[in-house]
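Participant: let me see the structure of the following:
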Amino acid sequence: MSHLDPLMLARIQFGFTISFHIVFPAITIGLGSYLAVLEGLWLLRKDAVYLDLYHFWSRAFAVNFAMGVVSGLVMSYQFGTNWSPFSAFAGGVTGPLLAYEVLTAFFLEAGFLGVMLFGWKKVGPGLHFFATLMVAAGTLVSMTWILASNSWMQTPQGYAVVNGRVEPTDWLAVIFNPSFPYRLVHMGLAAFLATALFVGATGAWHLLKHRDNPRVKTMFSMAMWMVLITAPIQILAGDQHGLNTLEYQPAKIAAMEGDWTSKPGEGEPLILFGLPDMTLEKTLYSLEIPHVGSLILTHSWDGQIKGLSEFPPQDRPDATIIFWTFRVMVGLGLLMLLLGLGGAWFRWRGSLYRQRLFLRFAVAMGPAGIIAILAGWMTTEIGRQPWVVYGVMRTADGVSEHSALSMSAALLAFVVLYCAVFGIGISYLLKLVGKGPDRGGPIEATHQTPARPLSAGPEIDPLGAGE
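Facilitator: This next block holds a predicted model:
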């Protein structure tokens, strides 16, 4: 890594750690709401299948929550260690927003999590359901505050720079900045989709293993309904988010589209594939569909956008990366829509649980939601460059003064530790879901106070054997 400067190493380290972290809250957000739905259905219908599924997925929730907390602590420290000039400059806005997340969402989750996981024999059904609702609400509130902070960095408003530091002048404008509503909806739907795909893949895997009991069928059916409903809404939300980005961050859109120059009187083509070249300022070997880019970006046949060559070279994001991360996200989104429509078709034909090719497709799509989230996050954050606060502070001005050697050593340590610690955690989680839901969930076991954080889960067969 000797050829990388401290700025790039700091960016890589932050990107690496947050890529691990974002996975766990996304699944936690989706599972929290899923658990609330399951317990609500159990209370309403008195069907033990929903209770069994609740116990099964609450264990997965506990593992995800633990890994999310551990990985999230690292993110906070990096603001002080690697990005101290940024923290000094923008801490007047980002600091309180992150503090509000802790004071509201984290305390809400932590306060009711114990009741949710271990309170079945200690509180009544109504209070237990309330605890589950509060945990689910806490995950959503947490997402709201984090996205308010990050969205302000993308489209800052409601502030003034006084003596070289940002001071908020209108907190409502800070929180409800121009990109916040679009990014909140987009991320929330992404979390629900990622969870539905994970649950659906689990159900499909068990169906392929001929474990077609009511619990497995129910989880698979619910997941396919969620994908069918959420995928098209996400596509519409993504379109509106794109229009907002075009208005406030046009250089990002030009890089995502691989569009370098605008031709007066001609519509923008949709470039399906190509190789953007930042030096030649063109997209090589491009495969284009005329005018479709205009229809998507401007909702008109001949609409124009500002090409990347029209921005100063020092203000251009790296199109060679976000051109492809954007296409990965969109491509996976279309596959999710196909999965949802396929599920609806086979449900109508009465063969949802017997179509083995479709079940294999559902299993293969299990990680698609997480991959799409990571690709979307890379598109958003790399597309913001070279700004850490868009149009206000450059990333190069926000990094701490560390040597390349110390940054390389820290990055290497993170890679080794994260792969070891979270590799074990993810392996445990996969074995947990591979075991499958039990009949008559172990209510007696779940109320006991655990001796260690992950003891809320059952003993796992290393081979992941089913029932």
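Participant: stretch 33-44: which residues count as buried?
Facilitator: By neighbour count on 16 or more other Cβ atoms under 10 Å, the buried set for stretch 33-44 is 33-39, 41-42. Using the backbone N, CA and C atoms, a C-beta is placed for each residue, glycine as well.
Participant: next one: that stretch to chain centre, how far?
Facilitator: 23 Å (Cα atoms, centre = their mean, to the nearest Å).
Participant: equivalent analysis for stretch 11-31, please.
Facilitator: The answer for stretch 11-31 is 7 Å, by Cα atoms, centre = their mean.
Participant: tally of neighbours for A131?
Facilitator: 20 (other Cβ atoms under 10 Å).
Participant: for it, list the residues it contacts.
Facilitator: By Cβ atoms under 8 Å, 6 or more residues apart in numbering, the contact list for A131 reads 112, 115-116, 119, 123.
Participant: stretch 85-96 - what's its average pLDDT?
Facilitator: The pLDDT scores in stretch 85-96 average 91.
Participant: what do you get for stretch 154-164?
Facilitator: On average, stretch 154-164 scores 92.
Participant: what's the end-to-end length of that stretch?
Facilitator: 19 Å (Cα to Cα, to the nearest Å).
Participant: what residues sit buried inside that stretch?
Facilitator: Applying 16+ other Cβ under 10 Å to stretch 154-164 flags 154-156, 158-159 as buried.
Participant: which of the residues you listed fall in strands?
Facilitator: Counting by DSSP state E, the buried residues of stretch 154-164 place Y159 in strands.
Participant: closest one of the buried residues of stretch 33-44 to L295?
Facilitator: S33 (34.2 Å; Cβ to Cβ).
Participant: how many neighbours does T202 have?
Facilitator: 26.
Participant: can you give me the distance of it to L127?
Facilitator: 29 Å (Cβ to Cβ, to the nearest Å).
Participant: still on that earlier bit, would a markdown table of the buried residues of stretch 154-164 with distance to V135 be doable?
Facilitator: A markdown table is the format used below for the buried residues of stretch 154-164 (distance: Cβ to Cβ, whole Å):
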| residue | distance to V135 |
| --- | --- |
| Q154 | 29 |
| T155 | 31 |
| P156 | 32 |
| G158 | 31 |
| Y159 | 33 |
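Participant: next, the buried residues of the strand or helix carrying E39.
Facilitator: For E39, the enclosing helix or strand under DSSP states H and E is helix 6-45. Neighbour counts using 16+ other Cβ under 10 Å place 6-7, 9-14, 17-39, 41-42 of helix 6-45 among the buried residues.
Participant: just stretch 297-310 next, same as before
Facilitator: Quick answer for stretch 297-310 (16+ other Cβ under 10 Å): 297-298, 303-305, 307-308.
Participant: spit out the contact partners of the spatially closest residue to W42 that is not a sequence neighbour.
Facilitator: Leaving aside its chain neighbours, W42 sits nearest to Y50 (3.9 Å; criterion: Cβ to Cβ, 6 or more residues apart in numbering). Going by Cβ under 8 Å, 6+ apart, Y50 touches 38-39, 41-42, 218.
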